[in-house]
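Colleague: Sequence first, predicted model second:
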Amino acid sequence: MMRSMLSLLLVMLATTAVTAGESQKAPAAAGGASKAAEAAPETSALPEPPKTACTNPDALGVARTVEIDTTGGPGFGMEHYKAYDFLQPKEVVITFDDGPQVNTTKAILDALDAQCTKAIFFTLGKMAIGLPEIIRDVAHRGHTIGTHTWSHQDLRKKSDQEAKDEIEKGISGVRRAVGGPISPFFRYPYLRDSQATLAHLASRNIAMFSTDVDSFDFKRQTAEKLVENIMKKLDKNGKGIILMHDIQPHTAKAMPALLAALKAGGYKVVQMKAKGDLKTLAEYDTLIEKDVKGLPAAGSERPLSSVVRTVP
């Protein structure tokens, strides 16, 4: 009897010790979680790109991904910048300017998804702020996002300060709209650079992009003619960075056929990513605040369908 009571007492003491130990650990764990939450960057709210396998066995896909060290502002696209000719024969980089835009950007994203391939989107700050859900979709689908100034001004016609403001407001606007990292990749409106802006971009370690194959898709033409023109130029060049605009309806319409033509022609897509992300300048973050009033941070916004609903 005495032995049974002693065993029971030992079990009770052990249970009490375990419970006390767990209660002491709980606040520490909670405190650690709190500190982790405080330390979490603003961009943690942005969803990670989906890691889904390609279900199209005949997809164009991505042949290789290259990482760009943008230190000093290297230039790409042989039309203007000839130092870094890294593409192999039959390799292409797909790029779009001027977006995002309602309907057309989504159609282009869907076409790219169907072929399991990726592109660079050189985005205008003003457009991104106006349509943040679209540019966040671009990021969510795993594409590279660069910038294209705030409002598509010809920087050669601006003073040095005005040109800098256009570049930096664009960066702050796109970064704010995306709600997550963007790449230190920049393309000049009209492909018109200047010595002052080249020096500024180099000081910010931002890579500059021109083109090898200009689609001229801003000109009125059918989707069929656009595909024909791009492929003719590409076949002549043998490879290159292709410049298009995701705001053009005929470009969006042409995209499935263009991607199919690239595949049939034996071309391979290269995705360009930056080694590091692009940091904004605080003064320009403040400067664009009047344009972003009411824009929720990424991850905190409510779906449109939960805010606006058609009722009987």
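Modeller: Sure thing, it's come through.

Colleague: May I have the residues that are in contact with residue 70?
Modeller: Counting by Cβ atoms under 8 Å, 6 or more residues apart in numbering, residue 70 touches 184, 185, 205, 206, 207, 274, 275, 276. For every residue, glycine as well, the C-beta is placed using N, CA and C.

Colleague: Just the buried ones from those residues?
Modeller: For these, a neighbour count by 16 or more other Cβ atoms under 10 Å gives the buried set as 184, 185, 205, 206, 207, 274.

Colleague: Mind picking the two most distant members of these?
Modeller: Using Cβ to Cβ, those span at most 11.1 Å, a distance reached by 185 and 205.

Colleague: Tell me, how many residues neighbour residue 208?
Modeller: 22 (other Cβ atoms under 10 Å).

Colleague: for the chain, what spans make up the helices?
Modeller: Using DSSP state H, the helices of the chain run over residues 2-39, 104-114, 125-130, 132-140, 160-178, 195-203, 223-237, 249-264, 282-287, 304-307.

Colleague: closest one to residue 72 among these?
Modeller: Closest to residue 72 of the helices of the chain, according to Cβ to Cβ: helix 195-203, at 5.5 Å.

Colleague: buried residues in that closest one?
Modeller: For helix 195-203, the neighbour count (16+ other Cβ under 10 Å) marks 196, 197, 200, 201, 202 as buried.

Colleague: So which elements touch that helix?
Modeller: When contacts are defined as 3 or more Cβ pairs under 8 Å, 6 or more residues apart in numbering; DSSP states H and E, helix 195-203 sits against helix 160-178.

Colleague: so where's the stretch 151-300 of the chain uncertain?
Modeller: Within the stretch 151-300 of the chain, the stretches with pLDDT under 70 are 296-300.

Colleague: could you dump the buried ones among the contacts of residue 70 to a markdown table with distance to residue 174?
Modeller: Output for the buried ones among the contacts of residue 70, formatted as a markdown table (distance: Cβ to Cβ, whole Å):
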| residue | distance to residue 174 |
| --- | --- |
| 184 | 12 |
| 185 | 11 |
| 205 | 17 |
| 206 | 12 |
| 207 | 15 |
| 274 | 14 |
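
Colleague: and those, which of them are in strands?
Modeller: Among the buried ones among the contacts of residue 70, the ones falling in strands (DSSP state E) are 185, 207, 274.

Colleague: Residue 260: which of those residues is nearest?
Modeller: residue 185 (26.9 Å).

Colleague: Find the nearest non-adjacent residue to that closest one, please.
Modeller: Leaving aside its sequence neighbours, residue 185 sits nearest to residue 146 (Cβ to Cβ, 6 or more residues apart in numbering; 3.2 Å).

Colleague: I'd guessed that neighbour sits against residue 120; true?
Modeller: Yes. Assessed by Cβ atoms under 8 Å, residue 146 is found in contact with residue 120 at 5.8 Å.

Colleague: Out of the two, name the residue with the larger neighbour count.
Modeller: A count of neighbours by other Cβ under 10 Å puts residue 146 above the other of residue 146 and residue 120, at 26 against 22.
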